[in-house]
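>>> Give the three-dimensional model of this entry:
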Amino acid sequence: MIPNITRGSRMSGLMLYLASTDADKTKNAHTDPHLVAGDAAIMAWYDDGVLDRADAVAIAKHLDQPRKAFGVEVLQKDFRWDPVKKERVPNGHKHADVWHCSLSLRAEEGALTDQQWGDIANDFVDAMGFTEAIGKAQCRWVAINHGTSENGNHHIHIAVSLVREDGTKASTHGDYKRAQQTCRELETKYGLEELSSVHATRGYDRAEKATAVRDEREMHRASLARKVRASATASENEAEFVRRARDTGLLVRPRYAKNTTDVIVGYSVAERPKPGERPIWFGGGTLATDLRLGALRQEWPDTPQAATEAAAEWNAAARNKRKANPRGPERGTPDPQLWVDYTRNATELADQLRSIPRDDHATWAKAARDVSGAFAAWSYRLEQTPGPLAATAAELSRTAQLRAPRQHGKPVALPSIAGTAMLFMAVSSKNKTAAQTALMVQLINTAFAVYEMHAQSGRTREAQRIRSVVENQLAPFTATMPKAIPVGAEQQPARESAPSRAVDIGRRGLAPIRPGSVLPTTPTPAIPAKTYQPSRRDSGPGLDR
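Residues are numbered from 1 along each chain as shown. I've put the predicted structure just below:
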């Protein structure tokens, strides 16, 4: 259940919106708004019939009566944008006596009955401290069922007057955090889908979805996130990341620290627009929490030279000029032995993850981030439109998001697979190889470890999503892959092809593979102009050299 809190000053305006119908031709209107809960007086006067305009006005007057009777003003700090300072600055206070929260279910959960929503609403306002349950005078409030939204989410709206019956003000300190905690408790109590209290991803607004449908393409943010994730995971430093992102066709611009042109504190990216159109920019943090520049920098060396090289690339990107270093390591051909090394590392990673505590969120997020980056890189290289590789990358990326990263420690050292994204980005053609097959089988096994973690942690929804995408999309894709040769059978025909085994893995629920059971045949590379040399970042435990 997802809470969304807003504050306002006009109870009548809010109630007219909540009671609006399609017949009113009001934006975001609904066809069947009706009461499911409220304070005692409200529930004594109104039934569960559809609310009309007159009802909305009368309910608003009732809710607003204590504030007007006592002449109490509820204020909150206001801010405005200063174009000179280029930051938000205090702008006095504004009235905020109306507290509004929507409670939504995911589309996949279906709908609840009015009785269920009523019970949930009563428990919710009790837990938020708006009723006599905490020993204070109650706030007047109402809960309205809005039915199912255009996005398929069944939801209700709760409106509360922040002036209590005795004229005192209700506190809203920490209400966002308290609402999230309350929703987690109510999910358990009412048998609802238990959303993760750890992992979270960004949502999409209606306009963004409508634009994507109109243009018959995937949403800007999904495409951008996949390209940025692939570029970041494949890069061994910040300068290389900027170059790789530009190579994928992205427009990239830095966000500088105040009064500087060499201190980069953030970035934005955009798809190259069609002729006559303007680019649509997204900040890294709006794509995903782990794609903020600060989060990405945790994986790269922090030295004066690295910072100088990165600033040069950012400045070149900002001016749409040639790269500062057009012959970076990303232009070289990886050593074929790396396919063997990273296949072995992925095998060991999947095995070791099963010994990691489920509450070590930092380590699980790091593993999911690396695997997601590998699939994102391969998707960029092979898929002209989003397919099974993109879907797998997207599902795993959800686990890579931490609601409060600073509250978690550093991930423990595990076999490194960060360079797998580099290998996939460097694939010169769309022809699939046995080396790719072997590595993919072990990446699937790692995805299964993430699935197990969610399932054992009670995060059923996350577990089901990962399992579904692997079984229904990724497993059939492996059937198109060439076969790999098991260890010890390089000189003999393989008895069972890796594609059939990988498909079987998906259909049987991703049964684990023994570490070291599959290795690729070594492909014959073209004569490289430059050989990629792995960085120290790629030399984690388990990488044989």
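>>> Run a quick check on Pro476 versus Gly387, I expect a contact.
No - applying Cβ atoms under 8 Å as the test, Pro476 and Gly387 come out as separate, 10.5 Å apart. Glycine gets a C-beta too; all of them are placed from N, C-alpha and C.
>>> and the helix or strand harbouring Met440, how far from the chain's centre?
Assigning secondary structure by DSSP states H and E places Met440 in helix 434-456. Put simply, helix 434-456 sits 20 Å off its chain's centre (Cα atoms, centre = their mean, to the nearest Å).
>>> Same question for stretch 157-164.
For stretch 157-164, the distance to the chain centre is 31 Å (Cα atoms, centre = their mean).
>>> what residues does that stretch touch?
11, 14-15, 18, 63-64, 66-67, 70, 72, 74, 96-103, 121, 124-125, 128, 130, 136-144, 146, 169-170, 172 (Cβ atoms under 8 Å, 6 or more residues apart in numbering).
>>> One more: stretch 44-54?
By Cβ under 8 Å, 6+ apart, stretch 44-54 touches 16, 18-19, 21, 24, 32-36, 38, 55, 59, 114, 144.
>>> what stretches of this protein score poorly on pLDDT?
21-31, 47-49, 78-79, 91-93, 108, 151, 193-220, 403-408, 428-430, 484-545 (pLDDT under 70).
>>> residue boundaries of the strands in it?
2-8, 34-38, 75-82, 87-95, 98-104, 141-148, 154-161, 250-256, 264-271, 282-283, 333-334, 485-486, 518-519, 531-532 (DSSP state E).
>>> in terms of contact count, name the helices or strands touching the third one.
Yep, that's strand 75-82 we're talking about. Packing contacts for strand 75-82, counted by 3 or more Cβ pairs under 8 Å, 6 or more residues apart in numbering; DSSP states H and E, involve strand 87-95.
>>> hang on, the earlier thing: return the members of the contacts of stretch 157-164 classed as buried.
The neighbour-count test (16 or more other Cβ atoms under 10 Å) marks 11, 14-15, 18, 63-64, 66-67, 74, 96-103, 121, 124-125, 128, 130, 136, 138-144, 146, 169-170, 172 as buried among the contacts of stretch 157-164.
>>> if we can go back for a sec, quick check: buried residues in the helix holding Met440?
434-455.
>>> cool, and stretch 241-255?
241-248, 250-254.
>>> Same check on stretch 42-52?
Ile42, Tyr46, Leu51.
>>> got the end-to-end distance for it?
This stretch, stretch 42-52, spans 15 Å end to end (Cα to Cα, to the nearest Å).
>>> Centre of the chain to that stretch, how far?
39 Å.
>>> again with stretch 277-292
The answer for stretch 277-292 is 12 Å, by Cα atoms, centre = their mean.
>>> Ala143 against Pro33, yeah?
No - with contact defined as Cβ under 8 Å, Ala143 does not reach Pro33; the gap is 11.1 Å.
>>> Please give the number of neighbouring residues around Gly129.
17 (other Cβ atoms under 10 Å).
>>> and it, what is it in contact with?
Contact analysis of Gly129 by Cβ under 8 Å, 6+ apart lists Lys136, Ala170, Ser171.
>>> Could you provide the residues you listed in TSV, with additional columns for distance to Gly283?
Shown next, in TSV, are the contacts of Gly129 (distance: Cβ to Cβ, whole Å):
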residue	distance to Gly283
Lys136	41
Ala170	34
Ser171	32
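>>> Would you tell me which one of those comes nearest to Asp262?
Top of the list for closeness to Asp262, among the contacts of Gly129 and by Cβ to Cβ, is Ser171 at 45.1 Å.
>>> List the residues that contact Leu389.
Phe375, Ala376, Trp378, Ser379, Leu382, Glu383, Leu474, Phe477.
>>> From Ala434, how far out is it?
18 Å (Cβ to Cβ, to the nearest Å).
>>> try Gly38
65 Å.
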